[in-house]
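1. build the 3D model from these lines:
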Amino acid sequence: MSEARTLVAIVDDDVGVCRAMQRLVRSAGFRTTAYPSGEALLRTVAAEAPDHVLLDLHVPGLNGAALISRLLDHRRDLRITVMTGLDTPGARDACLFAGASGYLVKPVMLRDLVDALSARKS
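-> I've put the predicted structure just below:
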């Protein structure tokens with residue numbers, strides 16, 4: 001799948017961070033859509049059909065491993081990369097065990113982001 005055709009859903013409750021992530025992801029050649037919460041994404045995941053979700057670990061409401069599991073219940077082929085500015089012990093393992101494709105710590109470097117978004121689901 002070419003990067004230009006890949007739709008990345010960004011889930012972050014901080015409007016400024018979300019806009020910055022959208023600019024960064026678009027600068028790498030991907031299309032984006034944004035959601036303020038996991039619940040908002042879940043309401044549209046089937047209709048919107050993103051190829052990849054870039055998920056802030058600490059959004060209000062349903063988040064982290066629980067959200068990853070729910071997303072994958074809807075779409076087993078969905079690639080999910082978690083990002084966080086507050087990397088707590090065990091969070092990476094819990095997210096990867098739940099099915100996340102990757103885990104990035106903010107501030108996110110462009111090369112790491114592109115690598116995560118370009119990786120194929122195993």
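2. please make it C-alpha for all contacts and neighbour counts, starting now.
-> OK.
3. how far away is the residue nearest the centre of the chain from R26?
-> Among the residues of the chain, L54 comes closest to the average C-alpha position under Cα atoms, centre = their mean, at 1.5 Å. Distance, L54 to R26, by Cα to Cα, to the nearest Å: 13 Å.
4. next: L57.
-> 21 Å.
5. more neighbours: which of the two?
-> A direct count of neighbours by other Cα atoms under 10 Å for L57 and R26 places L57 higher, at 28 against 16.
6. C-terminal to the element among helices and strands of the chain having the smallest mean pLDDT, what's the next element?
-> Sorting the helices and strands of the chain by mean pLDDT, DSSP states H and E puts helix 38-48 at the bottom, at a mean of 84. Next helix or strand after helix 38-48 toward the C-terminus (DSSP states H and E): strand 52-56.
7. quick one, the first helix or strand past that next one going along the chain and helix 38-48 angle?
-> Counting by DSSP H and E, the element after strand 52-56 in chain order, helix or strand, is helix 64-74. For helix 64-74 against helix 38-48, the angle by axes from the mean of the first three to the mean of the last three Cα atoms, to 10 degrees is 20 degrees.
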